[in-house]
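pasting the structure only:
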């Protein structure tokens, strides 16, 4: 809902900025020998709140808009796979990296990663608020000046609607001719019961 009313860019920027601040607070908490557990829990809660505002849902929404309809399903499979690979690498190396850098250094590293993501999205993420999913290819072709994906989609649409080179008008006529009508008197009385049990 918020992505459609407020826009993708503002929510992603707010999310990443808040995540960065939360990670910096957590990092500061772990500097030195005295650690405040309540402060760390508040920092993590703040991080998760800002993550849920933009980066959490945006990581699924934005890729679905970027890929054209002709490749969206396969491309989202690859995007989901890479998301899971990154998550697996992050969780499997978490303790090793934290022990190597210290807890303060680890959370500082995560804050730097959030800033890099913020810069990347600031430079490359277009605002798609109010645009239909089917119109994204046209929108991206307009802002990039590259119409090649539109040409590919048009070719695929022609091939899908006209397989084998036959005229589209002939197809329904062939279907109607191939249907065999069954007179009502040949249908058994209990056919509706058999049909529901099958």
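In hand now; what should we look at? Since the model is a prediction, treat every value here as computed from it, not as a measurement.

CA only for contacts and neighbour counts going forward, please
Fine.

this structure: helices as residue ranges?
Taking DSSP state H as the test, the helices found in the chain are 2-6, 8-29, 37-50, 56-66, 72-101, 103-124, 136-144, 148-161, 170-178, 191-197.

let's have these in JSON lines, adding mean pLDDT, distance to residue 130 and mean neighbour count.
As requested, these are exported to JSON lines (pLDDT from 0 to 100; distance: least, Cα to Cα, whole Å; neighbours: other Cα atoms under 10 Å):
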{"stretch": "helix 2-6", "mean pLDDT": "79", "distance to residue 130": "6", "mean neighbour count": "12"}
{"stretch": "helix 8-29", "mean pLDDT": "95", "distance to residue 130": "10", "mean neighbour count": "22"}
{"stretch": "helix 37-50", "mean pLDDT": "94", "distance to residue 130": "23", "mean neighbour count": "16"}
{"stretch": "helix 56-66", "mean pLDDT": "87", "distance to residue 130": "12", "mean neighbour count": "16"}
{"stretch": "helix 72-101", "mean pLDDT": "94", "distance to residue 130": "20", "mean neighbour count": "13"}
{"stretch": "helix 103-124", "mean pLDDT": "95", "distance to residue 130": "19", "mean neighbour count": "17"}
{"stretch": "helix 136-144", "mean pLDDT": "81", "distance to residue 130": "11", "mean neighbour count": "14"}
{"stretch": "helix 148-161", "mean pLDDT": "80", "distance to residue 130": "21", "mean neighbour count": "12"}
{"stretch": "helix 170-178", "mean pLDDT": "45", "distance to residue 130": "37", "mean neighbour count": "9"}
{"stretch": "helix 191-197", "mean pLDDT": "46", "distance to residue 130": "45", "mean neighbour count": "9"}
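
now the phi/psi pair for residue 130, please.
Backbone torsions for residue 130, taken as degrees, to the nearest 10, come to phi 80, psi 10.

ok, it touching residue 4?
Yes: counting by Cα atoms under 8 Å, residue 130 touches residue 4, with 6.5 Å between them.

can you work out which residues contact both of those two?
Residues touching both residue 130 and residue 4 (Cα atoms under 8 Å, 6 or more residues apart in numbering): there are none.

how about residue 106: what's its closest non-neighbour residue?
Counting by Cα to Cα, 6 or more residues apart in numbering, residue 98 is the residue found nearest to residue 106 once chain neighbours are left out, at 5.2 Å.

cool, and residue 66?
residue 136 (7.1 Å).
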